[in-house]
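J.: kindly return the folded structure for what I paste below:
(2 chains)
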Protein chains: 2
Amino acid sequence: MAKDKGPRRPRAQTPKGFRDYFGSEVSARRAMLDRIAAVYHRYGFDALETSAVETVEALGKFLPDVDRPNDGVFAWEEEGDWLALRYDLTAPLARVAAQYRNDLPSPYRRYAMGPVWRNEKPGPGRFRQFYQCDADTVGAASVAADAEICAMLADALEAVGIERGDYVIRVNNRKVLNGVMEVAGILDPADPSKFEAERGIVLRAIDKLDRLGVEGVRALLGEGRKDESGDFTKGAGLGAAQTDVVMKFVDANRAIEASLGALASEAIEKGLPYSRYTRAMYSFDEKTSKPLSVDDEAEVYRSFATVNYLREIVSDSKIGAEGVAELEEIANLLAAQGYGPDRIIIDPSVVRGLGYYTGPVFEAELTFEITDEKGRPRQFGSVAGGGRYDDLVKRFTGQAVPATGVSIGVDRLLAALAAKGRLEESAQGPVVVTVMDRARMAEYMAMVGELRAAGIRAEMYLGNPKNFGNQLKYADKRESPIAVIQGEEEAARGVVQVKDLILGAKIAAQATVEEWKSQPAQIEVPRSGLVSAVREILGRQG
Amino acid sequence: MAKDKGPRRPRAQTPKGFRDYFGSEVSARRAMLDRIAAVYHRYGFDALETSAVETVEALGKFLPDVDRPNDGVFAWEEEGDWLALRYDLTAPLARVAAQYRNDLPSPYRRYAMGPVWRNEKPGPGRFRQFYQCDADTVGAASVAADAEICAMLADALEAVGIERGDYVIRVNNRKVLNGVMEVAGILDPADPSKFEAERGIVLRAIDKLDRLGVEGVRALLGEGRKDESGDFTKGAGLGAAQTDVVMKFVDANRAIEASLGALASEAIEKGLPYSRYTRAMYSFDEKTSKPLSVDDEAEVYRSFATVNYLREIVSDSKIGAEGVAELEEIANLLAAQGYGPDRIIIDPSVVRGLGYYTGPVFEAELTFEITDEKGRPRQFGSVAGGGRYDDLVKRFTGQAVPATGVSIGVDRLLAALAAKGRLEESAQGPVVVTVMDRARMAEYMAMVGELRAAGIRAEMYLGNPKNFGNQLKYADKRESPIAVIQGEEEAARGVVQVKDLILGAKIAAQATVEEWKSQPAQIEVPRSGLVSAVREILGRQG
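T.: Coordinates of the predicted model:
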């Protein structure tokens, strides 16, 4: 007779691409988000929490870089409606801005923090549920809104523990690139559909500057490029003059550095004051980009040299000039609040998101070095990005509503804080009151109660107390700083043993109860002195 | 020729049964959960955040009160696997306890806070996504774990602003009810499947005590009951002696009150000290339930009178006696920590969850009165419940793991705090710096920057500044406490106008700019005195 095995047991397993977060992983993230929320709140942004579930219709196909509708989302049918988990926090914002357009203040500043879901192939460090932390202003056409978000981002990074100098926020503008394209003859404002393919190749080529260098990009703008393996990538087919225009833009940073470097040399030669930013602290003639005067107080920064350089390239394009004027205004507004180039710079090399955003784009980069998985030093890199986008609300209402915003990569920023040793230290384990004598549980519980009432994280061992070794193993697993012990004999004498587990950690692993109790890391105190003894040891442990 | 209307616009609408949370709704909940988390952390509980998505297989059919598998959840198929949104935080805990059983400390104390989803018919105040806030101990068979959770729940309620005296935590035990059933002859420990129908009717009848009164319940235990409309509900068919046993349990509170009342009268007669709890502060003979001595210091509470009363009823049942012993131990452990009957009581009238839990059950009730939607005063009622449950992890591993926990109804508790006026006041609107002169945006932005740097919530008006009335309407919608105004003329004189909007609210609604600027609620200060003037007015507004 076959043995009845009963029903198969369910697998205790997270679905593929999902994960659990334990203890300090949760509380460190919470602490970081609370700090960011406090900054956003101070800037006048209001919290918004939308539901995780939206109609597929409301979500639309706004996921950047994904063209196919509803691809990449978790969706299901419910009584004839298709529902889906939100894939970002921007699409729900658009829905909210449309749904409550008569009730919300305009402009509407809001922040949102929470999980989003992507139905994508999971990979190492790539999960199907992850946190986003966004701040957006809807209904403000002025680039003052963009400047404000850049300043707020800088404040938020500092609030969580990224020090000034360890980050830089780079600002660029899609309109400047459009202007460059127009001057190069591959964008016709009268017929934007012309040269679309060429512009696509140019955009992709610019994005490869870091990897291919100036000559590699130049080749891709022209006929094409053969890589080391001999493979040929077809280029945009631009002529030499066209390529020169685009390359002047691509190569902007190097050119500006060189010209500022020359000014700095001049300053040194003439014995003028030299500081970290001296080379940027000149006033420039807007037309010639030449210095007008040397003035430490002028607060005209590197960013303005960049603005002038860009203005020269796109002077023949209306949209380009508009983009440069916007960059200049952003730089002005930020300078007025004291956000100098040590925090925020105008940087034409920012291309991430240029295909998605319609005006200013920003990116926060952490500039300190970490060691990658192969042991090589590299810059930590980007932790946040954003920009101005149109037509978000228009989908719903038919009316264009200008909007701009930023999204912080929560996991990236947490990793950065971990790398810098700046994670909240709420990770400390509890003081463990051990159970030596089962009949006296109430007394152990009273000890725990006193410790907790004094604000000390503490617990009584709740497992089977018979095996004292298990209690010690438990305390070890909990990373407990202190164990409290009171057997019958101690109780009779009115004392407790207080054991510094951090001091005694190594010995405890092998010792017997009696050996363990005799270690110097352990002190005997009167029962009434329990709280103060624990507090003293915790203080000593730091 | 038909006019091309273009594609239909999507509806800007939350899916049915879902809602959005704005501003202070989000931040007040966050503040409340942060306070609860701090208490849980102090008790040694670790945060756990599981993913929103689980396999249907792992979730199982553990939703209380729903018998059909997977009913009530949002589920969909993904590459051959059925996935679903979690419907509570307990099922994911069971999965985690099984999946990481070799790595987690044992016992494992964890708390979890987050949204859960129910695919149920939405109704007024009933949404398909809502928050839960749970704390559970997995792997501790000792009722010390239950006692700890009751104490922690009391601390959590006080931490969020529910004052002592405004809540009570009631503790009961499923095993006592089982003992009552056994003594009444409708539970045979040798064959638990017998009398299942009768026990179901008895459980439902007991649950109706509040509504039907003692006689109504008695009728339902016997032949049945005819209600006012003449409809007849068939009863459990118990005989008179059986009914008496169950009724002694159902009517326990009244009987205990009466006996304690008699003792209190005696105390008053004899001139013994009388206080709110005097009537409970006697020592009782365990066998006779008679007072042994009158002793204010004895700290033997009302709960012990209850324990003795229950012990008498179920003395002939092993499981019943076990339940009573557990209740007594819980009362002892709590008393040792000073959690008296002003916070936690043993109460046999708690039946909620008795069908689901296997040992101790607890319920936190708020005892202050609110006015219901019909204007009648009523007690606020339950905000949290929990108890001990088995077989949660057994589904996965085959090994029984004892567990106990509590779940706070987040929305209920928030409503209670709102009723008590104890919500966090992070709701204050920002100071609004108005834009009188478009050319001087950078200067307005600098003012905002100064205010923010001083920790004051502030913003510059980012809409079209042309219509100043719109700026005032905006400030009104934002519930701004203060507006800052600086036109060309003020700028020339180096001053700013600071307007107390709370003082000037009524007038501002109708007045013109000039009238508005002349109101007494408005003061002129030097530009350099902006921050201190704003701070002073904010202080005055409280």
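J.: mind listing the helices for the stretch 101-250 of chain A?
T.: A:144-160, A:174-183, A:196-206, A:209-221, A:240-250 (DSSP state H, counting those that start in this stretch).
J.: quick one: contacts of the fourth one?
T.: Helix A:209-221 has contacts (CB atoms under 8 Å, 6 or more residues apart in numbering or on different chains) with A:201-202, A:204-206, A:208, A:225, A:233, A:235-236, A:238, A:242-243, A:246-247, A:250-251, A:254, A:349, A:351. Placement of C-beta: from N, CA and C, glycine included.
J.: figure out which of the helices of the stretch 101-250 of chain A is closest to residue B:14.
T.: helix A:144-160 (26.4 Å; CB to CB).
J.: pick out the residue in the stretch 101-250 of chain A sitting closest to chain B.
T.: Proximity of the stretch 101-250 of chain A to chain B (CB to the nearest CB) peaks at residue A:140, 3.7 Å away.
J.: my read: that residue touches residue A:402, true?
T.: Yes: between residue A:140 and residue A:402 there is a contact at 6.4 Å, judged by CB atoms under 8 Å.
J.: neighbour count for these two, which is higher?
T.: When neighbours are counted by other CB atoms under 10 Å in any protein chain shown, residue A:140 and residue A:402 differ, and residue A:140 comes out ahead with 25 against 20.
J.: now that one: how far from residue A:535?
T.: Between residue A:140 and residue A:535 the computed distance is 52 Å (CB to CB, to the nearest Å).
J.: so who does residue A:131 touch?
T.: With CB under 8 Å, 6+ apart, residue A:131 has these contacts: A:29, A:33, A:113-116, A:410-411.
J.: quick check: beta-bridge partners of it?
T.: The partner list for residue A:131 in beta bridges (DSSP bridges) reads residue A:115.
J.: show the pLDDT at it.
T.: We have a pLDDT of 96 for residue A:131.
J.: contacts for the helix or strand that contains residue A:540 next, please.
T.: Residue A:540 belongs to helix A:530-541 when assigned by DSSP states H and E. Residues outside helix A:530-541 that contact it (CB under 8 Å, 6+ apart) are A:431, A:447, A:450-451, A:454, A:456, A:458, A:481-482, A:484, A:496, A:498, A:500, A:502, A:523, A:525.
J.: which of the residues you listed fall within strands?
T.: Assigned to strands by DSSP state E, the following of the contacts of helix A:530-541 qualify: A:431, A:458, A:482, A:484, A:496, A:498, A:500, A:523, A:525.
J.: give me the buried subset of the residues you listed.
T.: A:431, A:458, A:482, A:484, A:496, A:498, A:500, A:525 (16 or more other CB atoms under 10 Å in any protein chain shown).
J.: the residues you listed into JSON lines, with extra columns for pLDDT?
T.: Output for those, formatted as JSON lines (pLDDT from 0 to 100):
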{"residue": "A:431", "pLDDT": "96"}
{"residue": "A:458", "pLDDT": "96"}
{"residue": "A:482", "pLDDT": "95"}
{"residue": "A:484", "pLDDT": "96"}
{"residue": "A:496", "pLDDT": "96"}
{"residue": "A:498", "pLDDT": "95"}
{"residue": "A:500", "pLDDT": "91"}
{"residue": "A:525", "pLDDT": "96"}
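J.: measure residue A:175 to residue A:388 for me?
T.: Residue A:175 is 10 Å from residue A:388, by CB to CB.
J.: which neighbours do those two share?
T.: A:358-359.
J.: so where's chain A shaky on pLDDT?
T.: Applying pLDDT under 70 to chain A flags residues A:1-7, A:61-70, A:263-302, A:424-427, A:506-520.
J.: the residue nearest to residue A:137 when sequence neighbours are not counted: neighbouring residues, count only.
T.: Sequence neighbours aside, residue A:145 is the residue nearest to residue A:137 in space, at 4.4 Å (criterion: CB to CB, 6 or more residues apart in numbering or on different chains). Applying other CB under 10 Å, we find 25 residues neighbouring residue A:145.
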